[in-house]
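*Asks:* here are the coordinates; sequence isn't available:
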């Protein structure tokens, strides 16, 4: 058999094996590599490369070596989940860079960080003044987590005393012109609802590149044709406007009637409608 066929077969086998080994190690191996995982990833790739391009090497040795370099990191990861001391040893510990608004110079030197490095990391977190930071810690993955001082944090609904309804994550209901039934079901919606919403926008499903719906039943779409303007969702503003119109109509009816009972009924219902508007306005605005 020609050597190039050996190289092709070895390559396909090792690529498949490497793919499954990394997959079994978990997505953490790809997103947050610590020192040990970095070494194991480099070695696994090196073993695959060496035994791919050199047809004279013993292929069984490559399989044995890759299995060993899979078993060891896999075992280390499982032990780390059960032992914090072992996890600190293999993955490293967090280092505080700023505490109570004070920069910890000794910790910077310990991690080999200069003042410029710290300022760069702060800018990555949209912080341009070190004095705006209450607490900052360098994670084992190398990222800097920053807690701004209270006066520099953005206001939230909780700070303003506004209670908001819980909301589910938006779902992608159309992708590449194809309707996705499972995301629709997750929102307790169906294709008939989707077709109705698209009809309101005068858009056909085939022309939709991407469509997403939220837990309030609002649909946002992106079309293949970027020159066509798509109207913004109007369900919430329309509902709020309808409620305000009903309240105004009740007040008008109360003013236009001379019957005391009818006037009282309209006034009571007008107040109830106003209370309902005040209650739902934070959710519909």
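*Replies:* Structure received. Predicted model only: the values in this text are computed from it and were never measured.
*Asks:* Could I get the pLDDT score of the spatially most central residue of the chain?
*Replies:* In the chain, the C-alpha closest to the average C-alpha coordinate belongs to residue 169, at a distance of 9.5 Å (Cα atoms, centre = their mean). Confidence at residue 169, expressed as pLDDT, is 85.
*Asks:* quick one: it is in a strand?
*Replies:* No. Residue 169: not assigned to a strand; according to DSSP: H, G, I helix; E, B strand; the rest coil it is coil.
*Asks:* Begin at 607, not 1, for the rest of this chat.
*Replies:* Yep, numbering from 607; the last one is residue 775 now.
*Asks:* Please tell me how far it sits from residue 858.
*Replies:* Per Cβ to Cβ, to the nearest Å, residue 775 is found 42 Å from residue 858. Quick note: C-beta positions are derived from backbone N, CA and C, even for glycine.
*Asks:* And for residue 677?
*Replies:* 79 Å.
*Asks:* cool, residue 684 as well?
*Replies:* On the measure of Cβ to Cβ, residue 684 and residue 858 end up 72 Å apart.
*Asks:* Could you do residue 884 as well?
*Replies:* Taken as Cβ to Cβ, the spacing of residue 884 relative to residue 858 amounts to 20 Å.
*Asks:* Residue 611 too?
*Replies:* 88 Å.
*Asks:* Check residue 879 too.
*Replies:* Applying Cβ to Cβ, one obtains 12 Å for the distance of residue 879 from residue 858.
*Asks:* what stretches of the chain score poorly on pLDDT?
*Replies:* Counting by pLDDT under 70, the low-confidence segments of the chain come to 607-610, 612-613, 616, 624, 627-644, 661, 771, 835-842, 889-891.
*Asks:* How is it divided into domains?
*Replies:* As given by automatic domain parsing, the domain ranges for the chain are 609-695, 701-758, 777-839, 842-890.
*Asks:* Minimum distance to residue 765: which of the ones you listed has it?
*Replies:* domain 701-758 (9.8 Å; Cβ to Cβ).
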